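A.B. asks: Please find the sequence and the predicted model below.
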Amino acid sequence: ARWGDLLDPHGGAADTVRKQLRVLYDKSFRDDPTRIMRGLRYHARLGFAFEARTLGLIARDRQFISNLSAARVRAELERMLAEDARAEVMRSADGLGVLAAIHPALKAGPGVLAALGKTPAEAAGTLYALAVLAVALVPEEAEQVVARLQPPREWREVILAAPRFRSVADVLLAGRVAPGQVVEALDAFPLPVVLAQREVASPGPLHARLDDYLTR
């Protein structure tokens, strides 16, 4: 007789109508901090806002992300970077202190967010997005991020290559650089790193030479 009745003890239907994300109890994020990172994905993907109490719990409990294993943090970060709306995911992650909870060196400034909003045709998987996120790291920070995430080889190469690019950028900015020198310098980097550097570079000689390398 009650077939088809909605059983909704926690008010989820009303939350859906209001387009809001809400945890069920105060210790939800302490019990599983990956729910914070998952919530950021749903926020960006669905356009749902965090309910005020839930937002306060994120601020209170984001510190517990540091207790997560490297594998769990890396898996959630990969899912965040794989979202179509990854720029919005990272904007929220930075603004809410979630990126800093993964590692203090990770930031998503305007240049990073603009580059994350693009997906170059040559980009593969999430490695391009990871390279964008790593562009501002210095060598010591890159090593620390690798130690925190304990990533597979491809991730490790991309993260560690980002700070090395600065020395090459100085060469590419020289007045006269032969095409062969450009190729020799850039062939030493994973393709996602070169793509990321092109997208964050301001218009000028560096951007032009990176674009020539990638297209010609």
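C.D. replies: Looks like it arrived, so ask away.

A.B. asks: Report the central residue of this protein.
C.D. replies: When C-alpha atoms, centre = their mean is applied to the chain, the residue found nearest the centroid is Leu81 (4.9 Å).

A.B. asks: For that one, what are phi and psi?
C.D. replies: Main-chain dihedrals, Leu81, degrees, to the nearest 10: phi -70, psi -20.

A.B. asks: need the contact list for it.
C.D. replies: 89-90, 126, 129-130, 133 (C-beta atoms under 8 Å, 6 or more residues apart in numbering). All C-beta atoms are positioned from the backbone trio N, CA, C, and that covers glycine.

A.B. asks: Which ones among those residues lie within helices?
C.D. replies: The helices, defined by DSSP state H, take in 89-90, 129-130, 133 from those.

A.B. asks: among these, which two are most distant?
C.D. replies: Pairwise distances across the ones in helices among the contacts of Leu81 (C-beta to C-beta) peak at 13.2 Å, for the pair Val89 and Leu130.

A.B. asks: Between these two, which is the more surrounded one?
C.D. replies: Neighbours around Val89 and Leu130, counted as other C-beta atoms under 10 Å, are more numerous at Val89. The numbers are 26 against 22.

A.B. asks: Which pLDDT value belongs to the more buried one?
C.D. replies: On the pLDDT scale, Val89 is placed at 97.

A.B. asks: same thing with Pro139?
C.D. replies: At Pro139, pLDDT is 94.

A.B. asks: ok so, going back, return the distance of the residue nearest to the centre of the chain relative to Ala196.
C.D. replies: Using C-beta to C-beta, to the nearest Å, one gets 12 Å for the distance from Leu81 to Ala196.
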